[in-house]
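>>> Prediction below, plus the sequence it came from.
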Amino acid sequence: MPRNPLDRCDVSWEDRVGTTASGNLPQYKIGVCIEDAVDIVSVQTEFPWVDIRDFHFYHIKCPYATESNWHFVTDNDITSLTYWQAIDVSGEAVPHTATSGIMIRDVMGSKHGWSCVDPACPYYLGTAIGSHKGVRYFYR
């Protein structure tokens, strides 16, 4: 998947394309650089296998992050009566300072999805309801 065009580096058209030509080139502002939004050193202390390139895909934000606009999750147990219901976890959301709430693309067995690799995620710490300590939040 290509990375989100809204998260490209905030540089001029000439710097990004490599030309110094003047004229009517688009000079619009385009978002924050992902390298500035993610503290890769903090992430790699907990998850050494994660690289900055893992964040260069379309961005989905963790529902347990205050930076996210979506704070609903589903139950992980398929036998549960609440499996198909969306559970609001906005009360458990905390700032994800290392990743700005951005999850990485991940594969768990045959399931493709997104994983939260922020060390401060309450799901990973086991403080969120229904979470287990040391298990990353995975969205499929």
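Ah, there it is.

>>> Please make it C-alpha for all contacts and neighbour counts, starting now.
Will do.

>>> where does the chain have low pLDDT?
Low-confidence segments of the chain (pLDDT under 70): 1-32, 76.

>>> Point to the residue nearest the middle of it.
Centroid-nearest residue in the chain, with Cα atoms, centre = their mean: Ile102, separated by 1.5 Å.

>>> gap between that residue and Gln85?
Counting by Cα to Cα, to the nearest Å, the gap from Ile102 to Gln85 is 24 Å.

>>> ok, now Phe72?
With distances taken as Cα to Cα, Phe72 is found 9 Å from Gln85.

>>> and what of Val107?
From Val107 to Gln85 the distance is 24 Å (Cα to Cα).

>>> Same check on Arg105?
Separation of Arg105 from Gln85 (Cα to Cα) stands at 24 Å.

>>> okay, the two: which has more neighbours?
A direct count of neighbours by other Cα atoms under 10 Å for Arg105 and Gln85 places Arg105 higher, at 21 against 11.

>>> Over to the more buried one. Which of the three states is it?
Following DSSP: H, G, I helix; E, B strand; the rest coil, the label given to Arg105 is strand.

>>> which non-adjacent residue is nearest it?
Spatial nearest neighbour of Arg105, excluding adjacent residues (Cα to Cα, 6 or more residues apart in numbering): Trp114 at 4.5 Å.

>>> distance of the closest residue in space to Ser115 that isn't next to it in sequence from Ile60?
Closest residue to Ser115 apart from its sequence neighbours, by Cα to Cα, 6+ apart: Phe138 at 4.5 Å. Counting by Cα to Cα, the gap from Phe138 to Ile60 is 11 Å.
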